[in-house]
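>>> this is the structure alone, sequence omitted:
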């Protein structure tokens, strides 16, 4: 299926659930003198088997895939093959995706709308023990770093939990309003307390009263007050 490995070429495994994307990448990479595509996988589960069978130098990893996503696949691949370099190639540049991919062990995050030469430079850099970050991914990473330095920074879901908690709602009712499992609410409450530096629901409510909410958060609060999800989603 693929050309014979070229001596000393970077051996790349392509992981993406779109055949057209993989085909385009094969044409691009095989047109170089120092990069060779050794295999393809359609999802994270196939990627695990392909890494075991092909022992690539580098995995070009999509994130959003069926069965096993790119972040989970990255963690599992590196747990058994720590020497493999994993470079994310995604259509999206969501802050959580960037942080989660790098936390999982990826050495870079590039975008599918990158210029071909940018992708080639990124692959060579990642293989050479460097890093490869698309400018927009780097901005999201800087933003995430700033967030970690600011006390009281919460995710959108945690803010939802906080405003309902401040309204005096118990976890069961919060779970129903948000359509998530009660155990998920408990986990969010624990993180909210840690982030705000409080120890109970009363202190959290006082924090909201003291610091206030943005206009957007107040609008969201009114939406949550009037919403009713009959059942909870066990996954959260």
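Noted; the coordinates are in hand. What you see is a predicted model; the values in this text were computed from it and never measured. Numbers count the residues shown, from 1 in each chain.
>>> so where is the chain shaky, pLDDT-wise?
1-7, 145-153, 212-221, 225-236 (pLDDT under 70).
>>> residue boundaries of the helices in it?
19-30, 44-54, 70-80, 95-104, 116-127, 135-149, 156-166, 171-178, 182-196, 201-211, 215-226 (DSSP state H).
>>> got a list of what the residue positioned nearest the centre of the chain touches?
Compute the mean C-alpha point of the chain, and by C-alpha atoms, centre = their mean the closest residue is residue 97, 2.3 Å away. Contacts of residue 97 were listed using C-beta atoms under 8 Å, 6 or more residues apart in numbering, and they are 63, 71, 90, 109. C-betas here are computed from N, CA, C, even on glycine.
>>> got it, and residue 40?
For residue 40, the contacting residues are 13, 14, 15, 16, 22, 26, 50, by C-beta under 8 Å, 6+ apart.
>>> looking at those, spot the one nearest residue 192.
Lowest distance from residue 192 to the contacts of residue 40 (C-beta to C-beta) belongs to residue 15, with 35.6 Å.
>>> and the closest one, how many neighbours?
Residues lying near residue 15 (other C-beta atoms under 10 Å) number 29.
>>> show me the residues around it that make contact.
40-44, 46-47, 50, 59-62, 65, 70, 73.
>>> again, 7 Å this time
Taking C-beta atoms under 7 Å, 6 or more residues apart in numbering, we find residue 15 in contact with 41, 47, 59, 60, 61, 62.
>>> how close does the second one get to residue 107?
Think residue 47. Taking C-beta to C-beta, to the nearest Å as the measure, residue 47 falls 16 Å from residue 107.
>>> who's more crowded, these two?
Between residue 47 and residue 107, residue 47 has the larger neighbour count (other C-beta under 10 Å), namely 30 against 22.
>>> quick one: the more buried one and residue 72 touch, right?
No: applying C-beta atoms under 7 Å as the test, residue 47 and residue 72 come out as separate, 10.2 Å apart.
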